[in-house]
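*Asks:* the sequence and its predicted three-dimensional model are supplied below.
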Amino acid sequence: MKILHVLSDTNIGGAGILLLNCLRHFDRSEFDIKVVLPRDAELVDRVKDLGYDVIEMKYGHDASYEKAATRELKKIFFSERPDIVHTHSSLSARIAAKKCRVPLIFQTHHCAVVPPKYKTVFPFKNAFGAINNYLSDKIIATAEAAEDILVMQGTKRSKIITIANGSEPLRRTSDTEKSALRKSLGLTDSNFVFSMIARLEPVKDHRTFIFAAAEAARTHENLRFLIVGKGSLEDSLRSLAADCGISDKVIFAGFSSDVAPYMNITDVNVNCSFSETSCLALSEGMSLGLPSIASDCAGNLAMINNGENGLIFETKNSEMLATAMITLAENPTLLEKMRQASKETFEQKYTAAVMTKQIEKLYINEYAKKCKLKGKTANAKPL
């Protein structure tokens, strides 16, 4: 079965990491997979390192829809003749696949909200859902929250299947490596570390993290706050930390393609997002047994059981977040209980292998149905 994955991101975000996790586990004897990416995208080399062919695009960089990208993708699809085009929120790819009569068009919906720009582009009620219904045979929602939003906008529930994001378990680093990294970041053995690993963009709400850090640090001198990622808000967030008087306690580590070393020196994983489906940073932290403090957006509520594998706070409520930080920093017994629960939750629900097996099953079953409708024999047997 020939499959083309299409992603328009030039940087490596959650969708890119999710795709890499799938590529590591696909059964290559069953699936012939190529990946279509923007030219010089950060993901290109990482996909090639996994042994997959990459088709690089001139157009459509960081754009869901671009007319020139649609034309370019039509040429690619005509040349490659895929059985399935699987897009990651690329409207251009779905339009091109429809025009090329690709047998099956799949979309992974990574977001639990509608981007504001779509309210302008598609002003009519349920237009967003109508487009999904017409251009997608199946839509993979990465959380029940994302599925509910899609249905509210008019997407047929029969078109949607929920498959939670899966992560690779992060490697455990040696004591020597942890000590070296802590030293390079100015951390001592007595520092208790809260980490936020996310793009420095508004939806991730680092401002609430910094305000809470300032509150918690007033009474707990040993607390430190690690921010891993890059984005458009870096300068303003550095200024905010300075204004709050905690520049010496907030550490900006920048982007890292390997977050394992940072997770290994973390005591508690923090997510402040306004919107999440199933957050990869949370599941990756769980793989190491990290407790989490997370905002109460729907995706986080599905992953974090308050009081069991972490704590939940009200979105944008920095005082509540600070209280949660202090609670975990002061209670080693509770922290240990949550570590064990986090590890168990990951192994049961959020591994990349479990996720990929569900996607493979979807491919094979939907392809078999399509072939049956057309009176053809599918190459693969349904699972």
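*Replies:* Perfect, thanks for sending it.
*Asks:* I'd say residue 170 and residue 284 touch.
*Replies:* Yes: using C-beta atoms under 8 Å, residue 170 is in contact with residue 284, at 5.4 Å. C-betas here are computed from N, CA, C, even on glycine.
*Asks:* which neighbours do these two have in common?
*Replies:* Applying C-beta atoms under 8 Å, 6 or more residues apart in numbering, one finds that residue 170 and residue 284 are jointly contacted by 259, 263.
*Asks:* in stretch 347-364, what counts as buried?
*Replies:* Buried positions in stretch 347-364, judged by neighbour count with 16 or more other C-beta atoms under 10 Å: 349-352, 355-360, 362-364.
*Asks:* identify those among those residues that sit within helices.
*Replies:* Among the buried residues of stretch 347-364, the members falling in helices (DSSP state H) are 349, 352, 355-360, 362-364.
*Asks:* make JSON lines from those and add pLDDT and distance to residue 161 to it.
*Replies:* Conversion of these to JSON lines gives the following (pLDDT from 0 to 100; distance: C-beta to C-beta, whole Å):
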{"residue": "349", "pLDDT": "88", "distance to residue 161": "16"}
{"residue": "352", "pLDDT": "92", "distance to residue 161": "17"}
{"residue": "355", "pLDDT": "93", "distance to residue 161": "12"}
{"residue": "356", "pLDDT": "96", "distance to residue 161": "14"}
{"residue": "357", "pLDDT": "95", "distance to residue 161": "13"}
{"residue": "358", "pLDDT": "95", "distance to residue 161": "8"}
{"residue": "359", "pLDDT": "97", "distance to residue 161": "9"}
{"residue": "360", "pLDDT": "97", "distance to residue 161": "13"}
{"residue": "362", "pLDDT": "97", "distance to residue 161": "6"}
{"residue": "363", "pLDDT": "97", "distance to residue 161": "11"}
{"residue": "364", "pLDDT": "96", "distance to residue 161": "13"}
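*Asks:* and which of those is nearest residue 335?
*Replies:* In terms of C-beta to C-beta, no member of these lies closer to residue 335 than residue 349, at 21.4 Å.
*Asks:* OK, contacts around the nearest residue to the closest one once chain neighbours are set aside?
*Replies:* Counting by C-beta to C-beta, 6 or more residues apart in numbering, residue 164 is the residue found nearest to residue 349 once chain neighbours are left out, at 6.3 Å. Residues in contact with residue 164 (C-beta under 8 Å, 6+ apart) are 142-143, 278, 302, 349-350, 355.
*Asks:* return stretch 244-252 as PDB; C-alpha atoms alone will do.
*Replies:* Written as PDB, here are the backbone C-alpha positions of stretch 244-252 (Å, rounded to 0.1, in the frame of the first residue of the first chain):
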ATOM      1  CA  CYS A 244       9.200  39.900  37.900                       C
ATOM      2  CA  GLY A 245      12.700  39.900  39.400                       C
ATOM      3  CA  ILE A 246      13.400  36.200  38.700                       C
ATOM      4  CA  SER A 247      15.800  36.400  35.800                       C
ATOM      5  CA  ASP A 248      18.200  34.300  37.900                       C
ATOM      6  CA  LYS A 249      15.600  31.600  38.500                       C
ATOM      7  CA  VAL A 250      14.000  31.300  35.000                       C
ATOM      8  CA  ILE A 251      16.300  29.500  32.600                       C
ATOM      9  CA  PHE A 252      15.800  29.800  28.800                       C
END
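*Asks:* just to revisit the earlier point, closest to residue 100 out of the ones in helices among the buried residues of stretch 347-364?
*Replies:* For these, the nearest to residue 100 is residue 363 (18.5 Å; C-beta to C-beta).
*Asks:* surely the closest one touches residue 2?
*Replies:* No: with contact defined as C-beta under 8 Å, residue 363 does not count as touching residue 2 (10.8 Å).
*Asks:* go through the helix or strand hosting residue 335 and flag the buried ones.
*Replies:* Element membership of residue 335, judged by DSSP states H and E, is helix 332-349. Neighbour-count burial for helix 332-349, counted by 16+ other C-beta under 10 Å, picks out 335, 338-339, 341-343, 345-346, 349.
*Asks:* again, but for stretch 249-257
*Replies:* By 16+ other C-beta under 10 Å, the buried positions in stretch 249-257 come out as 249-253.
*Asks:* and of those residues, the nearest to residue 138?
*Replies:* residue 253 (38.2 Å).
*Asks:* got the contact list for that closest one?
*Replies:* 185, 226-228, 262.
*Asks:* rerun that using 6 Å as the cut-off
*Replies:* Contacts for residue 253 (C-beta atoms under 6 Å, 6 or more residues apart in numbering) come out as residue 228.
*Asks:* just the element for it, please.
*Replies:* Per DSSP H and E: strand 250-254 holds residue 253.
*Asks:* who does that strand pair up with?
*Replies:* Paired strands of strand 250-254, with direction, are strand 223-228 (parallel) (DSSP bridges).
*Asks:* the strand it pairs with - what's its average pLDDT?
*Replies:* Averaging pLDDT along strand 223-228 gives 98.
*Asks:* what does stretch 18-25 give?
*Replies:* 94.
*Asks:* tally of neighbours for residue 267?
*Replies:* Each residue near residue 267 was counted by other C-beta atoms under 10 Å, and the total is 18.
*Asks:* ok, it touching residue 195?
*Replies:* No: with contact defined as C-beta atoms under 6 Å, residue 267 does not count as touching residue 195 (8.2 Å).
*Asks:* hang on, the earlier thing: of the ones in helices among the buried residues of stretch 347-364, closest to residue 24?
*Replies:* Nearest to residue 24 out of these is residue 352 (C-beta to C-beta; 6.6 Å).
*Asks:* what residues are up against the closest one?
*Replies:* Counting by C-beta under 6 Å, 6+ apart, residue 352 makes contact with 21, 25, 166-168.
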